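1. coords please:
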Amino acid sequence: MKKYKVKIFYIIFMSIVCLLSFNASLEAACGGGNCSLITGSQDGVLDKGKFIIDLSYRYVLAENPHRGSNSTNEAKTPKVNFATRSIDLEEHTEIRTINKLVQFDVSYGMTDKLTLSLNVPMFNDRYHEHKEGAGAIENNNGTTGFGDITLLAKYALLETTKHLLVGGVGIKFATGDYKLVDAGGSINEPTLQAGTGSYDAILSGIYNYSVIPNTLSIFTSMSHRFTTENDLDYLFGDTTLIDVGADYLLSNKVSVSSQLNLRISGRDEFVNLDVPSTGGEFLFFTPGVRLAVSRDVSIYSHVQLPLYQRVKDENLVEDYGIMLGVSYGF
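-> Numbering: from 1, shown residues only. Okay, here's the model as predicted:
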């Protein structure tokens, strides 16, 4: 299975290289999710020579313990012990995780059909509370740091007055810290790290249909991340994202949107063993609004609300997520 993943990763990597040459150009035991949705500023293709820069802030609160798809009184999760290369089962009880992310994105139209995007998680702040046994609640095991950069190449496969179909390939680089230590001096839980330590491949596609040109459109997108094992012998599960939504222009300055966002995460592995309390299926409803401050600048906001969440074994699930951002095109 791992050799198959490496082969797919290599094929996708070479596809990116070919595109650039031709045109001259994360749920585990402690929960580390951030908002996954269509923002409207970084998901299509741009005209040749055009830039869009985007700065966003994301806040996700998780303090709702679940067993499977049902609420429970507490969620006991394991500790991945890198020193002994073992998994300590039900080592602690989850209390709360707060994920904050400041991300910078830049996109550039290489041609009228090909756009390159760079996603830079400048600041990951993962606040975490848990308790071991009957002890007191500990809140000193969170981490902060620079995250993993992602490079995406997006190509317009079909572009008409009403239809837009975009395919994409990408690589997530291992630029973020992934060996930060906890209060006891041991390497912290993988999903509390700012990065994953792995190079991952991404395949994506988005389709947009203009029901009323320049007024009402509906869209759907899908992406899949093929993960690889890092040098700690930890392998995050593959993740599939599926989005369906609509965007409506209320006036020359204001547009509103609503989305359904599905995230399917596979179980993590450590030294070829399944990690309990990792992976699951998560469905969210996400309303949003965008305001055109000027011809080139817009601000946007999204609120992500859970509709259905199923974890494997026990874990915390998301209570809500908030995303605020500003985009500048030139």
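2. which residues in the stretch 1-150 of the chain form strands?
-> 51-67, 70-71, 75-81, 86-109, 114-131, 143-145, 150-159 (DSSP state E, counting those that start in this stretch).
3. Relative to its centre, which residue of the chain is most distant?
-> The outermost residue of the chain relative to its centre, with distances by CA atoms, centre = their mean, is residue 134 at 34.0 Å.
4. re earlier: nearest to residue 230, out of the strands of the stretch 1-150 of the chain?
-> Residue 230 lies closest to strand 75-81 among these, at 11.9 Å (CB to CB). (C-beta placed from N, C-alpha, C; glycine too.)
5. ok, the closest one: who's next to it in the sheet?
-> The pairing partners recorded for strand 75-81 under DSSP bridges are strand 86-109 (antiparallel).
6. okay, the angle between the strand it pairs with and strand 114-131?
-> Inter-element angle recorded for strand 86-109 and strand 114-131: 150 degrees (by axes from the mean of the first three to the mean of the last three CA atoms, to 10 degrees).
7. Export only the CA atoms of strand 86-109, formatted as PDB.
-> Extracted in PDB, the C-alpha atoms of strand 86-109 (Å, rounded to 0.1, in the frame of the first residue of the first chain):
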ATOM      1  CA  SER A  86       4.500   2.400  20.700                       C
ATOM      2  CA  ILE A  87       0.900   3.600  21.200                       C
ATOM      3  CA  ASP A  88      -0.300   4.100  24.800                       C
ATOM      4  CA  LEU A  89      -4.000   3.300  24.600                       C
ATOM      5  CA  GLU A  90      -6.500   5.600  26.400                       C
ATOM      6  CA  GLU A  91      -3.600   7.600  27.800                       C
ATOM      7  CA  HIS A  92      -5.600  10.800  28.400                       C
ATOM      8  CA  THR A  93      -9.100  12.300  28.300                       C
ATOM      9  CA  GLU A  94      -9.700  15.100  25.700                       C
ATOM     10  CA  ILE A  95     -11.100  18.300  27.100                       C
ATOM     11  CA  ARG A  96     -10.700  21.100  24.500                       C
ATOM     12  CA  THR A  97      -8.700  21.900  21.400                       C
ATOM     13  CA  ILE A  98      -8.700  25.400  19.700                       C
ATOM     14  CA  ASN A  99      -7.000  25.700  16.300                       C
ATOM     15  CA  LYS A 100      -6.100  29.200  15.100                       C
ATOM     16  CA  LEU A 101      -4.500  29.700  11.700                       C
ATOM     17  CA  VAL A 102      -3.300  32.800   9.800                       C
ATOM     18  CA  GLN A 103      -2.700  31.900   6.200                       C
ATOM     19  CA  PHE A 104      -1.300  33.900   3.200                       C
ATOM     20  CA  ASP A 105      -2.200  32.800  -0.300                       C
ATOM     21  CA  VAL A 106      -1.000  34.100  -3.600                       C
ATOM     22  CA  SER A 107      -2.300  33.100  -7.100                       C
ATOM     23  CA  TYR A 108      -0.900  34.100 -10.500                       C
ATOM     24  CA  GLY A 109      -2.300  33.500 -14.000                       C
END
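8. how about it: buried residues?
-> The neighbour-count check on strand 86-109 (16 or more other CB atoms under 10 Å) flags 87, 91-101, 103, 105-109 as buried.
9. okay, and for this protein, where does confidence drop off?
-> Across the chain, residues meeting the criterion (pLDDT under 70) sit at 1-43.
10. could you dump the strands of the stretch 1-150 of the chain to CSV with distance to residue 230?
-> Listed next are these as CSV, based on distance: least, CB to CB, whole Å:
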stretch, distance to residue 230
strand 51-67, 23
strand 70-71, 33
strand 75-81, 12
strand 86-109, 16
strand 114-131, 16
strand 143-145, 15
strand 150-159, 16
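11. Select, out of the ones you listed, the one closest to residue 301.
-> Once the strands of the stretch 1-150 of the chain are compared by CB to CB, strand 51-67 is nearest, at 9.9 Å.
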